Every structure is written in C-alpha cells, then in structure tokens.
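S.K.: give the three-dimensional model of this entry:
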Amino acid sequence: MTLELFDYSPITERPAISWPDGKRVAFYVGLNVEHFLVDRPSTSIWPLDVVPDALNHGWRDYGARVGIWRTIDILDRHGIRASTLLNSTVAEHNPQIIRAGVERDWAWLAHGSTNSILHAGYERDEERKVLADIADTIESATGQRPKGWMGPALTETFHTPELLAELGFGYVLDWTNDDQPYHLNVPGMLSVPYTVELNDLGLFLRGLTGPDFLQMVKDQYDVLRADSEHSGRVMALALHPFVIGQPFRAKYLDLALKYLAAQPDVWLTTSDEIADAYRRQQGSHTVA
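M.R.: The predicted structure is shown next:
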C-alpha cells in the first residue's frame, strides 16, 4: 500500500517561506489538555493491568489538578499563548481549564474525545459523526471552532483529513515529518509540524533530566535558526501538564521559554497562526 495523503517534497526544493516581521523560526507550544478514563488503559508511568489503576490514573490526573496551573503561570510569564490540543471531554470534567485558556486567547485544536481511546477503526459515516461531535463540543465550550486536529496518540484513519476538511478544519499535526508546513492532497488541508522528539512525555520517561531538556530546547532552536537563513522553519514544543508540570521539571520549562523569548529571530505564535501565514504565502493546493 502507498500513502497518497501527501507527496514527497525535499526541503531543499521549495519556495522560500518568510514569517511576520522578518522572524526566522516560528515557535509554538503544543499543550496537551487531556481527559483519561479510569477504567481504560492509557499513558502509564508503570503499566498495571488493574481497575481502578490508582497509580497511573493519579499520575495523569496530577496534570489537571496541579500541573496545568503551574504550566499556565510559566506560559504567562513569557507571553506565550498555548496551541491547546484538547480532548473534548475536558469541557465536561475540567471546565476551569478551558475558562483559563479562553481568558488567555489560546488556540484550540481538536485532540479526540479522550486520550484513553485512539482515533482508529471507524467506518466513514461513524467517523464523520464522531469528528462533528468533537468539533461541536469544543466550539461550544471555547467559543472557537477548531481549525487544527491532532488525534489521541497522533492517530487517524485514511479518511480523517478529508472528513476534517468537510467540517471546516484546515490542518493536522499528526504527520511529524517536516520542519515546515506543507499541503496535503486533500483540498484546503495542511500538515503543520508537531514533534514526538522535543516532547516532554517521551523525553522524561526515557530518563532525561531537566537540564537535558533545557539543552535540547536550546539546541533545537539554534539549529533551526541556522537552517532558516533562506526559508523559515517551525519549532514545536510538546507538553503534557502531568509531566512538565512536576515541580522539579517545571523550573526547566521556565528557563527554556525564557531563552526562546529572548531570541530576536523567534516568532512566538500558535499553530493556527502558522497555518494562516503559510497559506497566505503559498496559496491553495490543487490536487490533479
């Protein structure tokens, strides 16, 4: 089977991208705001086959109860609006988080209904209804219709981008294969860079430390800035409040964002604004 969602395009053979005010690196925080079911296996610090799973569910729930608020304070300190990857069931279970994000004019992306259920195995009509329900719930809770999508654990079906386009979405984050946005072979749809590498969940669960994280953020920016001499780049930082919101890690997020915010060539932005800026420059994409 071949994947026809996008074409191969070497980054060396594309029209140049320029970001607003001559900035060279567009930086955004992908803030995962998620809800987990107590009776379903999910992201775990120590996998256990028990219900209820107090150890792992409690670890995840720390994010909604404590970690998100510590993370919000850090984002505020450095003038960064989150690109919020929102499970729609958060609207029911943690509305205070949504109110805090609305007050800060966060960008809201659909991230499935709960991170305890992957977005997979749907028939086309069933998936259309599921996606519509997710988008409607987020719009009702935030006052914004989501423009972007990232599936739980970056999952899609072969129909997801086309169905998202029907529902008014403009981009997905699931395909983490580039440092620039690009057109999908679905009219009106883009892929915007996200990261499974500069991602607190993967980094810290592999045993890296706060100082390691800080150095990786600096290195990522420095290399992308050098790469962007002739065409802009995107830098995403993926955060989960139950991971980065732990006190001994949060201080290094603060230092990392302080470093980035001080760089004259960085555009502190959201994934929505990156998609809009790219679309204005590169226009629409016609599928033959």
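S.K.: output the below-cut-off pLDDT ranges for the stretch 51-200 of the chain.
M.R.: Scanning the stretch 51-200 of the chain for pLDDT under 70 picks out nothing.
S.K.: tell me where it has helices.
M.R.: 54-62, 68-77, 90-93, 95-103, 124-142, 160-166, 200-205 (DSSP state H, counting those that start in this stretch).
S.K.: who touches the fifth one?
M.R.: To tie it back to what came earlier, the one meant is helix 124-142. Applying CB atoms under 8 Å, 6 or more residues apart in numbering, the contact partners of helix 124-142 are 86, 88-91, 95, 98, 101-102, 108, 110, 112-113, 119, 122, 144-146, 157, 159-160, 163-164, 166-169. Heads up, the C-betas are built off the backbone N, CA and C, glycines and all.
S.K.: give the contact list for residue 41.
M.R.: Residue 41 sits next to 47, 49, 53, 116 when contact means CB under 8 Å, 6+ apart.
S.K.: from the residues you listed, list the buried ones, please.
M.R.: When the contacts of residue 41 are checked for burial by 16 or more other CB atoms under 10 Å, the buried set is 53, 116.
S.K.: from the contacts of residue 41, which single one is nearest residue 213?
M.R.: Of all those, the one with the least separation from residue 213 (CB to CB) is residue 47, at 23.6 Å.
S.K.: just to be sure, that closest one is in a strand?
M.R.: No. Looking at residue 47 with DSSP: H, G, I helix; E, B strand; the rest coil, it is coil, so not inside a strand.
S.K.: okay, strands next: where are they in the stretch 151-288 of the chain?
M.R.: 171-172, 182-183, 190-191, 233-239, 266-268 (DSSP state E, counting those that start in this stretch).
S.K.: please identify the deepest-packed of those.
M.R.: strand 171-172 (a mean of 27; mean count of other CB atoms under 10 Å).
S.K.: you'd agree residue 230 is up against residue 18?
M.R.: No. With contact defined as CB atoms under 8 Å, residue 230 does not count as touching residue 18 (9.9 Å).
S.K.: higher neighbour count, these two?
M.R.: The neighbour comparison of residue 230 against residue 18 (other CB atoms under 10 Å) goes to residue 18, with 14 against 10.
S.K.: quick one: residues contacting the nearest residue to that one once chain neighbours are set aside.
M.R.: Sequence neighbours aside, residue 232 is the residue nearest to residue 18 in space, at 5.9 Å (criterion: CB to CB, 6 or more residues apart in numbering). Going by CB under 8 Å, 6+ apart, residue 232 touches 16, 17, 18, 19, 23, 24, 25, 26, 180.
S.K.: can you give me the distance of the nearest residue to residue 267 once chain neighbours are set aside to residue 156?
M.R.: Excluding the flanking residues, the one nearest residue 267 by CB to CB, 6+ apart is residue 23, at 3.7 Å. Residue 23 sits at a distance of 30 Å from residue 156 (criterion: CB to CB, to the nearest Å).
S.K.: please spell out the PyMOL selection for the buried subset of the contacts of helix 124-142.
M.R.: To isolate the buried ones among these in PyMOL, judged by 16+ other CB under 10 Å, type:
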select buried, resi 86+88+89+90+91+98+101+108+110+112+113+119+122+144+146+157+159+160+163+164+167+169
